[in-house]
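Novice: Task: produce atomic coordinates for the following.
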Amino acid sequence: MLIWVASYPRSGNRLFRTALETGWGFPGPSVFDAAERERAAGARRLPDPANDPQIGEFRVASGPHFLKTHLLSHAVTHDPAVVLVRDGRDSAISYAHFMQQRPGLGRGRSFEDLLMSVIETPNASFGDWSASVEAWIDREATTAVVRFEDLRLDPQGVARDALSGIGVEVGQPRDRMQTLEEMRAADPTVVRRGRIGDWREEMPERAIERFAELHGEVLVRLAYESSPDPSEWARSLEAEG
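Specialist: You can find the predicted model right below:
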């Protein structure tokens, strides 16, 4: 049985899959793995992640098989899914940093330029933050929604509950997993701080205004804000306390 581990980029997908692997021995491959290997080797033409051969193999295999995706084309399938959601402002900040660290993605652009691009320009394969979130949480197939903020506090416990929500019972985890800080120390180019509310410190005013314009309604839908009006958003941790 294929189970998608789906998200917009930088929303906790790796953390969830690490919880699965350390807790119950489930490997967490990605539909993007082959393309990443080819890119690293300098290939001009990359494999299409929408046609990853593991998709068909996992569908007919016994037992649960988890596969990471960001693709909107996979959201309309009938396969069960665990969907990771995160405050889109934090996802955008993290995604812009991720791109800046990779010359092939960032292309020497400034952090603010990359951030505005993430906010304003939908990716051809997985859309923008709002489109991605709504495509996955509104799907008709069996779906468990996991908030990054909860996952951050108890990765294995939240992963176990999410699997139970889609009918997969796994029992108690067998091994302790690394903390997010330990994961970051092992691979800082992929794993960032995972901080909640980073946008308050790093998002320029024009980016906040643009995010509100394009994605404010979905922030409200997910209860990250009570209003899409950015003048009503707390801009500091002190303001929230």
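Novice: Now do the buried residues in stretch 49-57.
Specialist: Pro49, Asp52, Gln54, Ile55 (16 or more other C-beta atoms under 10 Å). Glycine gets a C-beta too; all of them are placed from N, C-alpha and C.
Novice: What score does the third one have for pLDDT?
Specialist: This means Gln54. Note on Gln54: pLDDT of 96.
Novice: can you tell me which of the buried residues of stretch 49-57 lies nearest to Phe32?
Specialist: Comparing the buried residues of stretch 49-57 against Phe32 with C-beta to C-beta picks out Pro49 as the nearest, at 5.2 Å.
Novice: Could you check how far that closest one is from His74?
Specialist: The gap separating Pro49 from His74 is 9 Å, by C-beta to C-beta, to the nearest Å.
Novice: who touches both of the two?
Specialist: Residues touching both Pro49 and His74 (C-beta atoms under 8 Å, 6 or more residues apart in numbering): Val31.
Novice: SS state for Trp4?
Specialist: Under DSSP: H, G, I helix; E, B strand; the rest coil, Trp4 falls in the strand class.
Novice: How many residues are close by it?
Specialist: 25 (other C-beta atoms under 10 Å).
Novice: Sketch out the low-pLDDT regions of this structure for me.
Specialist: Within the chain, the segments meeting pLDDT under 70 span 103-107, 179-180, 182-194, 236-241.
Novice: Which members of the buried residues of stretch 49-57 occur in helices, if any?
Specialist: Among the buried residues of stretch 49-57, the members found in helices (DSSP state H) are Gln54, Ile55.
Novice: Rebuild the buried residues of stretch 49-57 as TSV, extending it with distance to Leu84.
Specialist: Below are the buried residues of stretch 49-57 laid out as TSV (distance: C-beta to C-beta, whole Å):
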residue	distance to Leu84
Pro49	17
Asp52	19
Gln54	19
Ile55	19
